[in-house]
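Novice: how would this look folded up:
(2 chains)
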Amino acid sequence: MKWQVRIFWIIVSLGLLGFFCLFNPFIFNQQEEIQLFIPKWSLIEKELFTTGGFYTISGQFFVQFYYHLYLAIFINVIIYSLIGFTFFRLLQRIKPYKHNLFLALIPLIALLKIQLNPSFVFDGALAYLFIILFLSLSTTIIKSKKSYFILSGITIIIYYLLGQLVILYAVMFVFLCWLTKKKNWYYSFMILGLGILLSYGGLQKSLYIPLTDGIYSLRYQETQLVPESFLYYALIRLTVLSFIIFLVANIFNSLCTKKRLPSWASTLISGIIVAICCYLFKPDEFDKQNKLLGELAYKERKEDWDGLIKLCQNREKPGNTTLNYLNMALAQKGQLGEKMFNYNQSGLQGLLSSWNGTYYMSALLSDIHFMIGDISISESYAMEALTLAKRGGSPRILQRLVHINLQKGEIEICKKYLNILKQMPYYHSWAIQLEKDIPNKISENKTNNDQLLSMLDVETLWKAHLKKQPFNTIAFEYLACSFLLTKDIDKFSVLLREVNKLYPEEKLPAHFQEALLIKDLEEKHTYLSEIPIENSFKERFNSFRNDFKREASHINGYARIRQKYGDTYWFYYYCKQI
Amino acid sequence: MKALLILVLLFFLTACSGSLPYAEVTDSQPKIIPDYREVTIPYNIAPLNFKLPNRLKSILVLKSPQSEVRINSKNGQFEIPQKKWRKLVEEAIEGKIEYTIYTYQDKRWLKNLPFSIYIAKEPIDTHIVYRKIAPGYRMWGEMGIYQRNLENFNEEAFLTNKHTNNNCMNCHSFCMQNPDKMLFHQRSTHGGTYIIVDGEIEKLDTKTNKLISALVYPAWHPSGRFAAFSVNETKQDFHYTDPNRVEVYDMASDIVIYDIKNHEIRSDSLLLSKENMETFPTFSPDGTRLFFCSAPTYPMPDSYRSIKYNLLSIDFDPDRCVFGHSIDTLYNAANEGRSAKFPRISPDGRYLMYTISDYGNFSIWHKDADLQLLDLKTGKVNTLSGVNSSDVESYHSWSSNSRWFVFSSRRDDGLYTRPYICYIDQNGKCGKPFLLPQKNTDYYDNILVSFNIPELIKGKIDINMYKLTQTSKLKKSDKIQMNTVH
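Specialist: Residues are numbered from 1 along each chain as shown, chains lettered A, B, ... in the order given. I've put the predicted structure just below:
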């Protein structure tokens, strides 16, 4: 069976590789982004020697390498393969059968599903691996009553490494001892008692939050500010699932041993169970949405604007957050006014979403406002994101704050953030380079026109940018497009008149010309004397007007209009409900 | 042979005793981080560990009147052994310790100009309590109230929001620096005012229909029988270009007294006016006077720069829990042109320290905020120029012997609040303030939290966090009513 086992686990590893490449890479990036881990002994020493600190420090240590996605995938393939294989070895220790190969996949599949949730951190996978490794070891060394005393010593070590997760280990150990009818199995309750006692002692000293916090609902877990709560949620459920698998394995073992069920049949049934689990635990819409958002955030972070735009193409109904990323990418490419309505826009929220109090929205809004030039607003969102990052901070947000404070001339705080980033391996070079450039990068564009932001609306704020030199094209396009999205053609045309002579490009973007034609029509062709529109737009607009009149009353008229003019502002203005 | 033996012995002795290297003498003091040069410290403070800006091989020589300690460093970071430090400072009480630093650079040793640290004869209270919180704007993340032993580096959590379902906690306050008599608030989940006296915890729901909010800024009456609170309708906003970043202002505020024994809130019409905003109460050490700040109400937020707080006081009769009829003005904002807040009186009743800035009341976000000291005996105002910096100095509190005060400052980077400790003698003369020392000299560089509401206390708060969190979660709040307005 050995070669079969090897091949099986190689295939599983390849399967994991495929899964992580397909579903996970950007979730890894998100995990790396929300932790501020400085691999310096003086900083990690205290937590490492705290009960349960070992697995959290280990988790963060690995996650720092998630900066490189291929490295993240590699680490996870290794760890998850180890989890599956160790669980298999545990089942084999109970009774060696082929069906254990499939049964060992079940907790792996469940864990793969859980780790798609953005609240999950890698520590959870490591903790589960440690638990089943120790279980495997414990079941090996049980030979007599005396070995339970040795196990008590091991329990204390597990408590030190994993904190109150020792209870999960102890519960599984008791169950396994009972299930496998170990001699003097009831001594295993001593292990459980010790685990509970140690955990209770730690709770009394408030070393950690209670394990029972993991019982609460998923919704509760996702609102917690620290990741431990969700880890407990995940690991408690994995423990229950492990019980079920041990039970099923035991039933199969019994049936096979008594020849009531042929071995091939139990293997087949296990395979079917695995297939059902794959179906039950397959990534759902929420996971797919997270994957998309993770990919968008990743491409934005890498400034891969073309890749970001490509990702949004052919999306029938992109959500507002997706549109925020898309519009940002278009603006970065100088194509917002040119191509915005080539995509299915859905109003102002698609240009600038409302803040929802999450890390990712805070980071996105900070980046958008920074791009436009709203430095104060950008900083406010960046500070929110830094506060909301579940693992002590975010190196990506620190980078943003460095840029913001350089603009503001706040050098000391820049140095503080750079000093932290210098100590993180993947940010070290960036920080060193920026530190050298500090004297060259201080912004001279200070203004004394202060007001409180609640007294300024976005329109006033963005208009103020247009008075600065050099001309802020991005702010202009955002402001103009905000009017277009709300169908406020009057404000749009006033704006165009005001900045006409300041606009540095030779011709106006396509959608602006399209919108001006609408204004001209409404003003009975008196409007366009100052601002030139290309003839091709005029001709196409006439064509649109004729087609619109003809198709408006037909059943499939909308679809036909959309097919022909869906990439124009006219379609949005006349046909889209917002 | 004998001569050779003696030479060898001499060689080893010299090597073991580590004589100082030959060094060129410079005429400048070295820059150290934190800047502990020429500060005045209490003899019971933990070692003032520091580092040099550059990672240089260096030697530190500390000299007290009776002994000398040498510390070698490979990287310019000096962690002074606690026992040796204790011995040095005890020998130098009312004197000084001289610091000489040798640095190795460009293949030679340099001996920098020595500087001194002065040791006051009065000790400081043994503990300081503060909240550690990220300087976020709207949201909060992990936070906690911590107590730090000033005589060593031990810091313990009094309560962290990890254990209280991520709520907010603030406004810890102690009766005459007594750790056994304190209160604080929790907001959001498990919300309420928690009063802890000798280990017994009371959880109060202080929101009433008659007041504009639950109780906010606290101040104990020295007897422990009452606590004054402000009630505030507070808003937060952000600046478009002002380097102050954030603006926090009150739309309305009043002052009330909570009677701890009778579980009722009382006040006076002079402290509940609609035309003015009364806030930041504090009692005199003899308990017969209430000091507070007040500003005329203006339409907000349009007039946020016009709000300037006066510093006022009114008589208080603790036996009958009633206020006097007239209000005295100690700082007239209209005349002086600035705004006063956070009045705190030294326990000996001699000095009143307050914070001053151009306008408003939430001065931690005002870079122009400074401390000022009013001598209640002579009426003179000391602008504390040796204490203040070009950045924020704001919240402050006194030690029980009135010889030390701790205050919040953002002088290091302009954003993260740090606790500074300063000596003040009987004549009101202040020493140079020093940053709360840490064991690790890189500590402040790597943390992204502010130290909020630093309060000196005479001992350790002896309450189990588990008991506190269980009380927070399980105990029902006692609803408090407002009974009397005179």
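Novice: tell me which residues touch residue 470, please.
Specialist: Just going to use chain A. Applying CB atoms under 8 Å, 6 or more residues apart in numbering or on different chains, we find residue A:470 in contact with residue A:504. From N, CA and C alone the C-beta is placed, and that goes for glycine too.
Novice: what sits closest to residue B:264 if chain neighbours are left out?
Specialist: Spatial nearest neighbour of residue B:264, excluding adjacent residues (CB to CB, 6 or more residues apart in numbering or on different chains): residue B:483 at 4.4 Å.
Novice: residue boundaries of the helices in the stretch 301-450 of chain B?
Specialist: Remark: helices assigned in the stretch 301-450 of chain B by DSSP state H, counting those that start in this stretch are B:333-336, B:443-446.
Novice: out of these, which gets nearest to residue A:37?
Specialist: helix B:443-446 (11.4 Å; CB to CB).
Novice: then the closest one to PDB, C-alphas only?
Specialist: Backbone C-alpha positions of helix B:443-446 (Å, rounded to 0.1, in the frame of the first residue of the first chain) are rendered in PDB as follows:
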ATOM      1  CA  TYR B 443       9.900  50.400  22.400                       C
ATOM      2  CA  TYR B 444       8.400  53.700  21.400                       C
ATOM      3  CA  ASP B 445       9.700  53.400  17.800                       C
ATOM      4  CA  ASN B 446       7.700  50.300  17.200                       C
END
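Novice: remind me which helix or strand the closest residue to residue A:403 other than its chain neighbours belongs to.
Specialist: With CB to CB, 6+ apart as the criterion, residue A:403 has its nearest non-adjacent residue at 6.9 Å, and that residue is residue A:370. Using DSSP states H and E, the element containing residue A:370 is helix A:359-372.
Novice: which elements pack onto that helix?
Specialist: Here helix A:359-372 touches helix A:285-301, helix A:320-332, helix A:375-388, helix A:395-408, helix A:473-485, going by 3 or more CB pairs under 8 Å, 6 or more residues apart in numbering or on different chains; DSSP states H and E.
Novice: count of residues packed around residue 48?
Specialist: Unless you meant another one, I'm taking chain A. 14 (other CB atoms under 10 Å in any protein chain shown).
Novice: not quite, go with chain B.
Specialist: Residue B:48, neighbours per other CB under 10 Å, totals 22.
Novice: tell me the backbone dihedrals of it, please.
Specialist: phi -90, psi 80 (degrees, to the nearest 10).
Novice: list the residues that contact it.
Specialist: B:34, B:36, B:39, B:41, B:80, B:117, B:434, B:437.
Novice: got the confidence number for it?
Specialist: Confidence at residue B:48, expressed as pLDDT, is 98.
Novice: how much space is there between it and residue B:88?
Specialist: 11 Å (CB to CB, to the nearest Å).
Novice: looks to me like residue B:70 is in a helix.
Specialist: No: if the criterion is DSSP: H, G, I helix; E, B strand; the rest coil, then residue B:70 is strand and not within a helix.
Novice: just the element for the residue lying closest to it once chain neighbours are set aside, please.
Specialist: With CB to CB, 6+ apart as the measure, residue B:61 is the residue that lies nearest to residue B:70, at 5.3 Å, once sequence neighbours are left out. Taking DSSP H and E as the definition, residue B:61 sits inside strand B:57-63.
Novice: kindly reformat the helices and strands packed on helix A:359-372 as a markdown table containing mean neighbour count.
Specialist: Converted to a markdown table, the helices and strands packed on helix A:359-372 look like this (neighbours: other CB atoms under 10 Å in any protein chain shown):
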| stretch | mean neighbour count |
| --- | --- |
| helix A:285-301 | 18 |
| helix A:320-332 | 23 |
| helix A:375-388 | 25 |
| helix A:395-408 | 22 |
| helix A:473-485 | 23 |
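Novice: which among those helices is found nearest to residue B:291?
Specialist: helix A:375-388 (33.9 Å).
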